[in-house]
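Peer 1: Provided below are the primary sequence and the corresponding predicted coordinates.
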Amino acid sequence: MREVGFSTRAIHAGQDPDPVTGAVITPIYQTSTFAQDGLGKHRGYEYARSGNPTRTALEQCLAALEGAKHGLAFGSGLGAETTLLHTLKSGDHVVAMDDLYGGTFRLFEQVFRQLGITFSYVDARDIRALREGLQTNTRFVWLETPTNPLMKVVDIAAVADATHQAGAKLVVDNTFMSPYLQQPLSLGADVVVHSSTKYLGGHSDVVGGAILLNDDELASQLRFLENATGTVPGPLDCWLVLRGVKTLAVRMRAHEANALHIAECLERHPRVLQVNYPGLASHPDHAIAQRQQNGFGGMLSFVIDGGLESARHALERMKLFTLAESLGGVESLAEHPATMTHSSMPIARREALGVSDGLIRLSVGIEDLEDLLHDLKHALEQ
Ligand code: P1T
């Protein structure tokens, strides 16, 4: 069959008109249970923790977008990660990228470490360091790329090779790029994780997560665990993400156009010490970003001179950029990683990484560029 394009999949995959009523949009099956026709006879759904048609539509759509055989939707990004980590057992080891969402780090260190799973951290841009970090009991190598909040870009194909040679699986958190800008499975990753709260939903009105993969055995283990542990999303939330992904391509292009321009302006600003945006030629990972991504996205971070007080002043002066955690919505957000999204990381670790007090992270929305630039210029005045 002829393969259709990304937006066609986003709008139609898993979303045939409703067979009973002809409804063009997948209904929100707001029900906790499904009538059965007899003992052991049902129509594909029994109890809504185990499955719900709105969730099925979302899972099929997301799988089609990531080029995956299997898709699972979850109640949050961390719910997806939790379920994936439950496939490990005491004594297993995970090598993670050193720069990660603070909540993921907290899940590793404060929840799963207690269960006997060990975690170590490397800058996976350095393949030699990664190889040295792999152990005989390493089950997963776990990456974000670009990373949150420093926007480091990791070579997924090179890491996949090293990971597979060690007999482990590569997990890539693709939240910052979305499947429109990066498809990790096609680069050799084994599992893709998303916080669908972000670009997939796209409108800051839902919390959700997803896992996409090709491995049949791991997929069925995850389905079992999702049902057994209850990390499921509700039908309305699935529907909101489904609606969001229909416009993913146009939104990502708009986010990127604004972000690139803002990154260039910040780079020239006298109060800005450093800009982390992989679309800038000055970014140390620009070449690999160009090679493995279909664009550079809407996330960036920068360091303002004067540390915490300067960052506080700038963030409190922004009007269009709302001071808030999260990212990926049509509206622009700004946040302070050291005291907000990454506050659960020990200070020494944060400082060693470069998550400094002067670091500000922007999720550049799709408002009019001139208005965003005006807001930032005003915020950066002394
Ligand atoms: O918030 P939740 O849907 O549970 O997803 C967690 C998560 C996972 N992975 C990445 C890369 C993320 O950025 C997040 C959540 N991040 C934020 C809330 C934030 O402001 O960075």
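Peer 2: Cool, got the structure. Note that the structure is a prediction, hence the values are computed from the model and not measured.
Peer 1: which residues touch stretch 370-381?
Peer 2: Applying Cβ atoms under 8 Å, 6 or more residues apart in numbering, the set of residues contacting stretch 370-381 from outside is 258, 261-262, 265-266, 269, 271-272, 304, 314-315, 317-321, 332, 364-365. Every residue, glycine included, has its C-beta placed from N, CA and C.
Peer 1: roughly how far apart are I127 and the ligand?
Peer 2: Separation of I127 from the ligand (Cβ to the nearest ligand atom, to the nearest Å): 22 Å.
Peer 1: And for V111?
Peer 2: The spacing between V111 and the ligand, counted by Cβ to the nearest ligand atom, is 13 Å.
Peer 1: For that residue, which non-adjacent residue is closest in space?
Peer 2: Across the structure, with Cβ to Cβ, 6 or more residues apart in numbering as the measure, the residue nearest V111 apart from its sequence neighbours is T82 (7.6 Å).
Peer 1: returning to that earlier point: which of the contacts of stretch 370-381 fall within helices?
Peer 2: The members of these that map onto helices under DSSP state H are 258, 261-262, 265-266, 314-315, 317.
Peer 1: Tell me the helices and strands packed up against the helix or strand that contains A334.
Peer 2: Using DSSP states H and E, the element containing A334 is strand 333-335. Taking 3 or more Cβ pairs under 8 Å, 6 or more residues apart in numbering; DSSP states H and E as contact, the helices and strands that strand 333-335 lies on are strand 322-323, strand 359-363.
Peer 1: From those, pick the one with the highest average neighbour count.
Peer 2: strand 359-363 (a mean of 26; mean count of other Cβ atoms under 10 Å).
Peer 1: neighbours of L373, just the number please.
Peer 2: Neighbour count for L373, taken as other Cβ atoms under 10 Å: 16.
Peer 1: now the helices for the protein?
Peer 2: Taking DSSP H to define them, one finds helices in the chain at 6-12, 53-66, 77-85, 102-106, 127-133, 156-165, 178-181, 216-229, 235-246, 248-268, 286-292, 307-317, 347-353, 369-379.
Peer 1: Those: lowest mean pLDDT?
Peer 2: The stretch with the lowest mean pLDDT among the helices of the chain is helix 347-353, which comes in at a mean of 91.
Peer 1: Spatially nearest residue to the residue in the chain that the ligand sits nearest to (excluding sequence neighbours)?
Peer 2: Residue nearest to the ligand within the chain: G77 (2.3 Å; Cβ to the nearest ligand atom). Once flanking residues are discounted, G77 sits nearest to S195: 2.8 Å by Cβ to Cβ, 6+ apart.
Peer 1: who's in contact with that neighbour?
Peer 2: Remark: with contacts taken as Cβ under 8 Å, 6+ apart, S195 is in contact with 76-78, 80, 101, 173, 175, 208-209.
Peer 1: from the chain's centre, how far out does stretch 61-69 sit?
Peer 2: When C-alpha coordinates are averaged (Cα atoms, centre = their mean, to the nearest Å), stretch 61-69 and its chain have centres 15 Å apart.
Peer 1: Need the CA coordinates for that stretch. PDB is fine.
Peer 2: Listed in PDB are the C-alpha atoms of stretch 61-69, where the atom choice follows Å, rounded to 0.1, in the frame of the first residue of the first chain:
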ATOM      1  CA  CYS A  61      -2.100   7.200  15.700                       C
ATOM      2  CA  LEU A  62       1.100   7.800  17.800                       C
ATOM      3  CA  ALA A  63       2.500   4.500  16.600                       C
ATOM      4  CA  ALA A  64       1.900   5.500  13.000                       C
ATOM      5  CA  LEU A  65       3.700   8.900  13.600                       C
ATOM      6  CA  GLU A  66       6.800   7.300  15.200                       C
ATOM      7  CA  GLY A  67       6.900   4.500  12.700                       C
ATOM      8  CA  ALA A  68       6.300   1.900  15.400                       C
ATOM      9  CA  LYS A  69       4.500  -1.400  15.400                       C
END
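Peer 1: Relative to G77, how far out is D173?
Peer 2: The span separating D173 from G77 equals 8 Å under the rule Cβ to Cβ, to the nearest Å.
Peer 1: Also L240?
Peer 2: As judged by Cβ to Cβ, L240 and G77 stand 15 Å apart.
Peer 1: same thing with T21?
Peer 2: 33 Å.
Peer 1: who has more neighbours, these two?
Peer 2: Between T21 and G77, counted using other Cβ under 10 Å, G77 has the larger neighbour count: 24 against 8.
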